[in-house]
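J.: Provide a 3D model corresponding to the input given below.
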Amino acid sequence: QMCIRDSNLKDLIRTLKNINDLSGPVFLHLVTQKGKGYLPAEKDPIKFHALSKIESSSGKNNGPKYQEVFGEWLCEKAESGDESLVAITPAMSEGSGMTEFAQRFPNQFFDVAIAEQHSMTFAAGLACEGKKPVLAIYSTFLQRAYDQLIHDVAIQNLDILLAIDRAGFVGEDGATHAGIFDLTFLRCIPNLTIMVPANENECWQMLEFGYSLKGPVAVRYPRGNAPGENIEKNINTIEFGKAKTLRLMESSRIAILSFGSLLDISEKVAKEIDATLVDMRFVKPLDESLLMELSHSHSLFVTVEENVIAGGAGSAVNEFVNANSLSVKLLNFGVPDKFPVVGSPEDQKEAALLTKENLLAKIKSKLASEVELVQKMTDYHIETGGKRLRALLTLGSAKLCGYSKGSRDINLAACVELIHSATLMHDDVIDEGSVRRGKKTLNKIWNNQSSVLIGDYLLSRCFEMMVEDGSLEVLKLLSSTSSKI
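T.: Residues are numbered from 1 along each chain as shown. Model (predicted):
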């Protein structure tokens, strides 16, 4: 048995060489000084526990760290005289912001050491005896307590609040600490409510709201500083299972559904493309009534989350859309199927393509492909011939008679004929027809739903043009087909 003190590297190397020549088991005890060699870390080892870039100064005006928000909420909850409150941590008291609570309320605080499985079962036991446990746990460490969460907590539907810290990218802590899987492995557990705050105000209010609920509740928040929102401690705007619409653009085809910490990027994208923006707040349950309402006025749902795409919040939206046969296209943004790169959280977001520029590029690409499909279907329908050609014949006749293609009267006449043509798309679906003039009908080339949608689209655009002040040319709808006359 040997002991080395004071972080002496030379002594350590010499001792390791000596041990190598010994036979039998050897116990080497290293007594080190945390932060040795960097004075600020020597004075405050708790603050400098995690590896991170050391900045000489910062011009950023950020809010408090999320763990500080949690710690302050926890203290105020205990100050209110709630003796049923019990706070638990598996050896992460400092990192989770619980130091002050531990000092002020020692009888309501339990550090169970690095034993995540035990922390969950311990919380379950306390809940069975009438206590209200709050388990503060890092997202990546929650993975170790998964079995206990299901068997000891969820099956019994116990009143436990999970304060899930370090959810999402964690920067220099690396892939082992990345909290990018929790929404996926939590969402499938019955009885569990999952909330995702986008800022410190929502974090405080969700902790307060979640504490009041019956059954297990998870509030998931990221590492680092919050954006700097004012915390409204006496006003709670959280409603169970309800999202918050931040921008409603009824003329937009796009609705951006943001889950949690990436709301700032979602907001910038929404403004750039004039899209509807929703702060979803709940991953489980989803605000299904809002999604249903938005599906009537939007054709594309874009989901954004700091979790793996596979099985995450976006997948929950996909499942709802498919289960209800909604005619909404889907585009999911999240962490791809690979572990994060080594670097800062911003580096990791960029590597995962979770940036404003990439979101914009992918959304625009998605829309461009849809426009091409609409044009392709329109051309095919008109080229089938018969009554479908009336709009083109109107424009062709006017051209032969010397009328300008931009004439409002001619465009109106073409619109009327195109309305007639568009209704034939619906007829093909109703009649269950498969061939018109030797060509397969539109619904057989694509499907009934697409045929109805393209017919509705043409009808809507025609009616809009007929009431607009000016001469929006019907050629824009007929495009490539009309150029053949």
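J.: ranges for the helices of the stretch 151-300 of the chain?
T.: 182-187, 200-212, 263-273, 288-297 (DSSP state H, counting those that start in this stretch).
J.: before we move on, what about the stretch 1-150 of the chain?
T.: 9-20, 39-43, 66-79, 99-104, 116-128, 139-142, 146-148.
J.: Go through the ones you listed and pick out the most buried.
T.: Burial of the helices of the stretch 1-150 of the chain is given as mean neighbour count (mean count of other CB atoms under 10 Å); helix 139-142 ranks first at a mean of 24. Yep, even glycine has a C-beta here, placed from its N, CA and C like the rest.
J.: before we move on, the earlier item: by mean pLDDT, show me the worst of the helices of the stretch 1-150 of the chain.
T.: Least confident of the helices of the stretch 1-150 of the chain, judged by mean pLDDT, is helix 39-43 with a mean of 77.
J.: Only the C-alpha atoms, please, for that one, written as CSV.
T.: Only the C-alpha atoms of helix 39-43 are listed here, as CSV (Å, rounded to 0.1, in the frame of the first residue of the first chain):
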residue,chain,number,x,y,z
LEU,A,39,-5.2,29.5,-8.8
PRO,A,40,-9.0,30.3,-9.5
ALA,A,41,-9.6,26.5,-9.6
GLU,A,42,-7.6,25.9,-6.5
LYS,A,43,-9.7,28.5,-4.6
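J.: any chance of the helices of the stretch 1-150 of the chain in a markdown table, plus distance to residue 319?
T.: Output for those, formatted as a markdown table (distance: least, CB to CB, whole Å):
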| stretch | distance to residue 319 |
| --- | --- |
| helix 9-20 | 55 |
| helix 39-43 | 47 |
| helix 66-79 | 29 |
| helix 99-104 | 39 |
| helix 116-128 | 27 |
| helix 139-142 | 22 |
| helix 146-148 | 21 |
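J.: if we compare these, which one ends up closest to residue 197?
T.: Among these, helix 66-79 comes nearest to residue 197, with 8.2 Å by CB to CB.
J.: so what does the closest one touch, helix or strand wise?
T.: Where contact means 3 or more CB pairs under 8 Å, 6 or more residues apart in numbering; DSSP states H and E, helix 66-79 is packed against strand 85-89, helix 99-104, strand 161-165, helix 200-212.
J.: tell me the most buried of those?
T.: strand 161-165 (a mean of 27).
J.: quick check: angle from that strand to helix 200-212?
T.: Computed by axes from the mean of the first three to the mean of the last three CA atoms, to 10 degrees, the angle separating strand 161-165 from helix 200-212 equals 150 degrees.
J.: could you check the angle strand 85-89 makes with strand 161-165?
T.: 40 degrees.
J.: roughly how far out does strand 161-165 sit from the chain middle?
T.: Relative to its parent chain, strand 161-165 has a centroid offset of 18 Å by CA atoms, centre = their mean, to the nearest Å.
J.: List the beta-bridge partners for residue 219.
T.: residue 163, residue 195 (DSSP bridges).
J.: From residue 138, how far out is it?
T.: 13 Å (CB to CB, to the nearest Å).
J.: These two: who's more crowded?
T.: residue 219 (27 against 23; other CB atoms under 10 Å).
J.: what about residue 375, how many neighbours?
T.: Neighbours of residue 375 (other CB under 10 Å): 16.
J.: repeat for the one 3 residues further on
T.: Per other CB under 10 Å, the neighbour tally for residue 378 reads 24.
J.: I figured it hits residue 455, correct?
T.: No - contact criterion CB atoms under 8 Å: residue 378 and residue 455 do not qualify, at 10.0 Å.
J.: Give the residues shared as contacts by these two.
T.: Common neighbours of residue 378 and residue 455 are not found (criterion: CB atoms under 8 Å, 6 or more residues apart in numbering).
J.: export the helices and strands packed on helix 66-79 to a markdown table and tack on distance to residue 274?
T.: Output for the helices and strands packed on helix 66-79, formatted as a markdown table (distance: least, CB to CB, whole Å):
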| stretch | distance to residue 274 |
| --- | --- |
| strand 85-89 | 45 |
| helix 99-104 | 45 |
| strand 161-165 | 34 |
| helix 200-212 | 25 |
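J.: Of all these, which one is nearest residue 114?
T.: Of these, the one closest to residue 114 (CB to CB) turns out to be strand 85-89, at 10.4 Å.
J.: other SSEs contacting the closest one?
T.: By 3+ CB pairs under 8 Å, 6+ apart, strand 85-89 packs against helix 66-79, strand 109-111, helix 116-128, strand 132-138.
J.: Sheet-wise, list the partners of it with their directions.
T.: strand 109-111 (parallel), strand 132-138 (parallel).
J.: Which stretch among these is buried most, on average?
T.: By mean count of other CB under 10 Å, those have strand 132-138 as the most buried, with a mean of 25.
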